[in-house]
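> requesting a structural model of the entry that follows:
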Amino acid sequence: MAPSIIYVRNDALTTNPPQGAQFLTTNGSNWLYTVTAIYGVSLLALFGLSWRARAGERFFHYLFIIADFVGLIAYYAMASDLAWTVIPTSNQILSHGATRQIFFAKYVQWVVTFPAAILALGILSGISWTTILYNVALSWVWIVSYLVGAYTATNYKWGFFAFGTVAYFFLAVSTLTHGRTSATRVGISRDYTLLAGWLNMMWLLYVLAWGLSDGGNRIRLTSSSVWFGVLDVLLVPVISFAVVGLSAKWDYNRLNIAFTQYGRVHATRGTYPEKEAAAPGTTGGVVSAA
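From the prediction side, this is the model:
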């Protein structure tokens with residue numbers, strides 16, 4: 001018999017066999033590879049767009065290139081049926097079984113992607129670095145609480161769910177109130193409200209998704225992978241292109257986020273140092289841009 005020249009399109013589950021009563025199926029793996037491809041295309045597109053932006057206006061490009069890169073790696077790992085642990089489940093549904101694969105890769109991804117979105121909103125609105133760090137820390141408290149809850153085999157997991165959800169609530173209040181107030185002062189409240197509203201709507205759906213999947217064990221692993229995959233695409237790649245697209249019309253000087261070879265340009269200055277005949281602290285001559 002002649003050797004077959006047609007190969008299985010996705011043999012990840014053969015190479016890396018799943019375990020547990022609730023495990024990733026081939027259809028689930030196919031979907032996760034689709035999300036991986038979306039992140040890969042987004043990463044390349046953002047990298048290409050960064051070359052079209054001015055040297056001092058690439059902050060958001062660089063920020064979301066990292067976020068998309070981490071998402072690409074995490075989804076490649078999950079699609080390949082890697083980066084998981086089998087955990088005994090509470091609230092067992094007879095047809096679902098007593099154990100479940102928990103993919104810790106998605107939590108690692110959120111530790112990077114959630115703060116990336118928070119940092120973008122904070123820089124855009126002009127809130128203090130103290131508030132930005134507070135918001136980032138709240139996102140970490142939220143994610144770590146859900147991770148610990150996912151690895152808890154008893155109903156004590158709902159205590160961690162409560163802790164994480166309270167952290168999300170504090171984060172939502174901060175981004176929807178303090179951030180919007182600051183954005184209004186710099187005349188960019190419409191764009192900020194659009195981005196913050198979308199972000200918090202997605203975050204609320206993460207709370208519901210976790211409660212029904214890794215928490216409540218009410219939906220199967222493949223179904224939860226589809227749900228989280230859709231949310232992650234709507235959060236990271238969509239927010240990435242929304243911010244980069246909107247940033248094309250923002251006045252970086254007014255927002256105090258214009259960066260040059262001399263550092264950050266303050267709005268009160270109103271000029272770029274490298275456009276001056278002499279750089280500050282020199283006696284004369286033309287300074288070339290970095």
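
> which residues in this structure form strands?
Using DSSP state E, the strands of the chain run over 84-88, 99-103, 258-260, 263-265.

> rank those by pLDDT, which is bottom?
The minimum mean pLDDT among the strands of the chain belongs to strand 263-265 (a mean of 48).

> just for this protein, where's the confidence low?
Counting by pLDDT under 70, the chain shows low-confidence ranges at 1-8, 55-56, 91-97, 258-290.

> report the separation between the spatially most central residue of it and Ala77.
Centroid check for the chain by Cα atoms, centre = their mean gives Thr113 as the closest residue, at 2.4 Å. Thr113 sits 15 Å away from Ala77, going by Cβ to Cβ, to the nearest Å. From N, CA and C alone the C-beta is placed, and that goes for glycine too.

> how far does the longest helix along the chain sit from its chain's centre?
Determined from DSSP state H, the single longest helix within the chain is helix 221-247. How far helix 221-247 lies from its chain's middle: 8 Å, per Cα atoms, centre = their mean, to the nearest Å.

> so which bits of it are buried?
Judged by neighbour count using 16 or more other Cβ atoms under 10 Å, the buried positions of helix 221-247 are 221-222, 224-229, 231-233, 235-237, 239-240, 242-244, 246-247.

> again with stretch 193-204
Leu195, Ala196, Trp198, Leu199, Asn200, Met202, Trp203.

> over to stretch 19-29?
Result for stretch 19-29 [16+ other Cβ under 10 Å]: buried residues Gly20, Ala21, Gln22, Phe23, Leu24, Thr25, Thr26, Gly28, Ser29.

> the residue nearest to the centre of the chain against Gly71, yeah?
Yes. In this structure, Thr113 is within contact of Gly71 by Cβ atoms under 8 Å, at 6.1 Å.

> now for these two: what residues contact both?
Asp232, Val236 (Cβ atoms under 8 Å, 6 or more residues apart in numbering).

> what residues are up against the closest residue to Thr154 other than its chain neighbours?
Counting by Cβ to Cβ, 6 or more residues apart in numbering, Thr154 lies nearest to Ser90, which is 5.3 Å off, once chain neighbours are set aside. Ser90 sits next to Thr152, Ala153, Thr154, Asn155, Lys157, Asn217 when contact means Cβ under 8 Å, 6+ apart.

> same thing but 10 Å
Neighbouring residues of Ser90 by Cβ atoms under 10 Å, 6 or more residues apart in numbering: Ala98, Thr152, Ala153, Thr154, Asn155, Tyr156, Lys157, Trp158, Gly215, Gly216, Asn217.

> among those residues, which are in helices?
Lys157, Trp158.

> please list only the buried members of the contacts of Ser90.
Thr152, Lys157, Trp158, Gly215, Gly216, Asn217.

> give me the neighbour count for Leu49.
19 (other Cβ atoms under 10 Å).

> so it sits against Ile65, correct?
Yes. With contacts counted by Cβ atoms under 10 Å, Leu49 reaches Ile65, the gap being 9.5 Å.

> now list whatever residues contact both of the two.
Joint contacts of Leu49 and Ile65 (Cβ under 10 Å, 6+ apart) are Arg58, Ser240, Val244.

> tabulate the residues you listed in TSV, adding columns for distance to Leu147.
Shown next, in TSV, are these (distance: Cβ to Cβ, whole Å):
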residue	distance to Leu147
Arg58	32
Ser240	24
Val244	30
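
> can you tell me which of those residues is nearest Thr34?
The closest of the shared contacts of Leu49 and Ile65 to Thr34 turns out to be Ser240 (Cβ to Cβ; 17.7 Å).

> measure the closest one to Arg180 for me?
21 Å.

> cool, and Val233?
From Val233 to Arg180 the distance is 25 Å (Cβ to Cβ).

> now, the buried residues of stretch 19-29 that are in helices?
Reading helices off those with DSSP H, I get Thr26, Gly28, Ser29.

> ok, the first one to Leu32 distance?
What it means is Thr26. 11 Å.

> which neighbours do the two share?
Joint contacts of Thr26 and Leu32 (Cβ under 10 Å, 6+ apart) are Asn10, Ala12, Asp81, Thr222.

> now do the contacts for the last one.
Yep, that's Thr222 we're talking about. With Cβ under 10 Å, 6+ apart, Thr222 has these contacts: Gln22, Phe23, Leu24, Thr25, Thr26, Asn27, Gly28, Ser29, Asn30, Trp31, Leu32.

> now with 6 Å, please.
Neighbouring residues of Thr222 by Cβ atoms under 6 Å, 6 or more residues apart in numbering: Thr25, Gly28.

> how about the first one?
Applying Cβ under 6 Å, 6+ apart, we find Asn10 in contact with Ser29, Asn30.
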